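Visitor: what shape does this take:
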Amino acid sequence: MKFIQSLTFTLAMAFMATLATPSAQAYGGIGHHAFCEIAYTLVKPATRARLDKMVAEHPDYEDFGSICSWADHIKSNDQWDWAKPHHYVNFPRSEANVRTENCSDKGCILSAIQHHYDVLKHDLNDWVALAFLVHFMGDLHQPMHVSFADDLGGNRAKLTYFEQPTNLHRLWDTDMFAKRGGEQSSAKAQELTKELEPLAPLSVNPEQTLAWANESAAITRRIYSNYREGQEIADDYTAQWGPVLEQRMQQGAQRLAAILDGLYARTNN
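Guide: This is a model prediction of the structure:
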């Protein structure tokens, strides 16, 4: 799979230079925060202790949930432009499924998840790899990040939501989750964690990640089958699709927790 093979010292220095207090709720900021709080609740105590230690090393990020938006915060810094294609994967409208070949030479979310997981296997203290991995796991389970290039993953698919102009991507990233109480991300995370059971520890492999991507792709196709340019939507749409959005968040957070347990639960050193 095509991808940048290693994080260089220069990029590590760029990372340290770009740590900043999060200032925007852009699975936007509220969604990523809730996503990672669910995962944090589900991990084993030894894993949670390791995550707490890594968060404490970067006081600009107050908890594990807050570091999950770091990969979005750095988008304004051109030193990290190489990572922008890693937030998504596009596949042709003419094809039913995502394939590994849909990754470009610059990589995509499939290759990025594998890469940062592999980095963590060799260095459990790599903060950059952790921050990227947890963010991209959230993106992978938000359907519009597994979508079509011709409208930029729904960013050009205009509509009106509760009389406010938006687009399909923002609708699924932020608007609908906020409407369902997501602006109180910690409380929403607690709600979504109820009755969730932790999964057995998982490792990351390309076949599994591709299968998760194709779950999102199937939902994306359903979303577009109901979309009309400039349509006006409100309560009915939220009632139909809001539970789907939240279920994907729960599935992804369970899987992320299992991946983190596979990496961290056996050691607290």
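Visitor: which stretches of this structure form helices?
Guide: Per DSSP state H, the chain carries helices over the ranges 9-18, 29-42, 45-56, 64-67, 70-73, 109-122, 127-140, 168-170, 176-177, 185-193, 206-225, 235-264.
Visitor: using JSON lines, lay out the ones you listed together with distance to residue 98 and mean pLDDT.
Guide: For every residue, glycine as well, the C-beta is placed using N, CA and C. Output for these, formatted as JSON lines (distance: least, C-beta to C-beta, whole Å; pLDDT from 0 to 100):
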{"stretch": "helix 9-18", "distance to residue 98": "27", "mean pLDDT": "40"}
{"stretch": "helix 29-42", "distance to residue 98": "21", "mean pLDDT": "96"}
{"stretch": "helix 45-56", "distance to residue 98": "29", "mean pLDDT": "95"}
{"stretch": "helix 64-67", "distance to residue 98": "27", "mean pLDDT": "94"}
{"stretch": "helix 70-73", "distance to residue 98": "21", "mean pLDDT": "95"}
{"stretch": "helix 109-122", "distance to residue 98": "8", "mean pLDDT": "98"}
{"stretch": "helix 127-140", "distance to residue 98": "10", "mean pLDDT": "98"}
{"stretch": "helix 168-170", "distance to residue 98": "17", "mean pLDDT": "97"}
{"stretch": "helix 176-177", "distance to residue 98": "23", "mean pLDDT": "97"}
{"stretch": "helix 185-193", "distance to residue 98": "26", "mean pLDDT": "95"}
{"stretch": "helix 206-225", "distance to residue 98": "5", "mean pLDDT": "98"}
{"stretch": "helix 235-264", "distance to residue 98": "15", "mean pLDDT": "98"}
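Visitor: out of the ones you listed, which comes closest to residue 162?
Guide: Closest of the helices of the chain to residue 162 is helix 235-264, at 8.4 Å (criterion: C-beta to C-beta).
Visitor: same for that closest one, what does it pack against?
Guide: Contacts defined by 3 or more C-beta pairs under 8 Å, 6 or more residues apart in numbering; DSSP states H and E place helix 235-264 against helix 29-42, helix 45-56, helix 109-122, helix 127-140, helix 176-177, helix 185-193, helix 206-225.
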